[in-house]
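> Kindly generate the corresponding structure for this input.
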Amino acid sequence: MSLTVRLVLLALAVAVAPVTGLVADDAKQNVPPEGYTALFNGKDLSGWRGLNMSPYKLADMSEADRDAMWKKNWEDVTQHWSVDNGELVNDGHGVYLTTAADYTNYDLWIDYKTVAKADSGIYLKATPQVQIWDYTDEGKFKLGADKGSGGLWNNNPGNPGKDPLVLADKPFGEWNRFHIRQIGARTWVWLNGKLVVDGAIHDNYWDRTKPLIPSGPIQLQTHGGEIRWRNIFLHEIGAEEAASLLAGSDDGFQSIFNGKDFEGWAGPTENYEVVDGTVRCKQGKGGTIYWNETLTDFVARLEFKVPPGGNNGLAIRYPGSGDTAYVGMCELQVLDNTADKYAKLDPRQYHGSIYGAVAAHRGYQRPVGEWNYQEVTVKGSRITVELNGTVITDADVSEVKEFMGKTAHTGINRKDGFFGFAGHGDAVQFRNVRIKKLQ
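Okay, the predicted model is just below:
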């Protein structure tokens, strides 16, 4: 990526950075700033519906049952939700007000005002929740109320984000302002201009064995006390902006591909080409090329794009020869998971999997032909793969006992080696390839 493009992306990041003056005054109430859409029009409940249900249960319903549920829930919404002087009001009861649309990556701004003893929250992708409660309610101090609002309260105990970093609530009777950013499962929360959640993973409350669902609605929770909302604005974050925001600071990272040639690389580089500053495997060619510097523990950041049916891989602690899937620590699969020809693969062969050893979670790639952002952390015998803001693989390979086809992975316990690309004949591209050594 050129310096010019990088500067543009940084400008985009600054444009959605937290500021307290998003809405200048009440005269502009519910009027979105440039680049944002108002989810609440200040007049009625257009664009909303009612829902109190796991997204998995919702998906399993028949169309007829789902339609009946929406109708019944809307009757409930009209009893407990109303609009008063440009403010969205809930009496503390009823189903959760839910956006009719689903969202994947976004910046959300929302103001709220509540009452003493209140307890509420904002569900992201239909999953609880950015917490809202009475930070003076001593009866809930054991639950963390004294720490204030804004935390991802339903995260697993001890996980980052569960408790807010600082107490940022305003006194009762005053409006509070949230700025919430979610990219994949990575979540940032600012409350009244103060950072209270810093890029924490939002755990999947509905199934803690899986990552947060890829997309879903935003929901406003009802929990017994009146709460008012206004200035609900959303900016959808595109692929380029998401990659820039996820990468954040490049402190400690070294670019290992200069965008011009294969200086510093080894292996069959003649089977690859440089196209518009990217590395691309030549169609019909392949083999493993690698950055010619031995690594032990490291973090790799990169972007990749697969063509229809594309297949490649990341060589991890590769010895310099042989099939890295077996003689290296592993090959991390890079694959078009949607291709028909791959419909019946072993689960350990799909994108992000530790090839033949550990299956990755699926459903988090961007459409074929779009750039994806990926971060890989290799530390000791543990490998973590984060794709577009969601952790899809997290495993200690020393604990793997069963391999696909019962084929020995002789290099899986390697302590060091090279990082590279393992081509399999398809024109898969990579760019912005950076490495941070951890030791």
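> Please report the distance of the closest residue to A185 other than its chain neighbours from F178.
In space, A185 comes closest to L212 once its chain neighbours are excluded; the distance is 4.0 Å by C-beta to C-beta, 6 or more residues apart in numbering. C-betas here are computed from N, CA, C, even on glycine. Relative to F178, L212 is positioned 18 Å away (C-beta to C-beta, to the nearest Å).
> Those two: which has the busier surroundings?
Set L212 next to F178 and count neighbours by other C-beta atoms under 10 Å: L212 wins out with 26 against 23.
> give me the element the nearest residue to L295 once chain neighbours are set aside is part of.
With C-beta to C-beta, 6+ apart as the criterion, L295 has its nearest non-adjacent residue at 5.8 Å, and that residue is F419. F419 is part of strand 417-424, with elements assigned from DSSP states H and E.
> Mind checking the pLDDT average for that strand?
With pLDDT averaged residue by residue, strand 417-424 scores 98.
> got the CA positions of it in PDB?
Below are the C-alpha coordinates for strand 417-424, written out as PDB (Å, rounded to 0.1, in the frame of the first residue of the first chain):
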ATOM      1  CA  GLY A 417      12.200 -21.200  11.400                       C
ATOM      2  CA  PHE A 418      11.100 -18.900   8.500                       C
ATOM      3  CA  PHE A 419       7.800 -17.100   7.800                       C
ATOM      4  CA  GLY A 420       6.500 -17.200   4.200                       C
ATOM      5  CA  PHE A 421       3.800 -18.100   1.700                       C
ATOM      6  CA  ALA A 422       3.000 -21.600   0.500                       C
ATOM      7  CA  GLY A 423       1.500 -21.400  -2.900                       C
ATOM      8  CA  HIS A 424      -0.700 -24.100  -4.500                       C
END
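> helices or strands next to that strand in the packing?
If contacts are counted by 3 or more C-beta pairs under 8 Å, 6 or more residues apart in numbering; DSSP states H and E, strand 417-424 sits against strand 278-281, strand 286-295, strand 311-318, helix 324-327.
> Could you rerun that using 6 Å?
strand 286-295, strand 311-318 (3 or more C-beta pairs under 6 Å, 6 or more residues apart in numbering; DSSP states H and E).
> Next, the angle from the longest one to strand 417-424.
Between the axes of strand 286-295 and strand 417-424, defined by axes from the mean of the first three to the mean of the last three C-alpha atoms, to 10 degrees, the angle is 170 degrees.
> thinking again about what came up before, which residues does the strand holding F419 contact?
281, 286-291, 295, 311-313, 315, 317-319, 324, 328, 331 (C-beta atoms under 6 Å, 6 or more residues apart in numbering).
> how far out from the middle of the chain is it?
With C-alpha atoms, centre = their mean, to the nearest Å as the basis, strand 417-424 stands 26 Å off its chain's centre.
> Which positions within it qualify as buried?
Applying a neighbour-count criterion of 16 or more other C-beta atoms under 10 Å, one finds 417-424 buried in strand 417-424.
> Can you show me the CA trace of stretch 164-175 as PDB?
The C-alpha coordinates for stretch 164-175 follow below in PDB (Å, rounded to 0.1, in the frame of the first residue of the first chain):
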ATOM      1  CA  PRO A 164     -14.600  -0.600  32.400                       C
ATOM      2  CA  LEU A 165     -11.100   0.900  32.600                       C
ATOM      3  CA  VAL A 166     -12.400   4.100  34.300                       C
ATOM      4  CA  LEU A 167     -15.600   5.300  35.900                       C
ATOM      5  CA  ALA A 168     -17.100   7.700  33.400                       C
ATOM      6  CA  ASP A 169     -20.800   8.000  34.200                       C
ATOM      7  CA  LYS A 170     -22.400  11.300  34.700                       C
ATOM      8  CA  PRO A 171     -24.800  12.100  37.500                       C
ATOM      9  CA  PHE A 172     -28.500  11.100  37.200                       C
ATOM     10  CA  GLY A 173     -30.500  13.500  35.200                       C
ATOM     11  CA  GLU A 174     -27.700  14.200  32.800                       C
ATOM     12  CA  TRP A 175     -27.200  12.700  29.300                       C
END
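> Fine, thanks again, bye for now.
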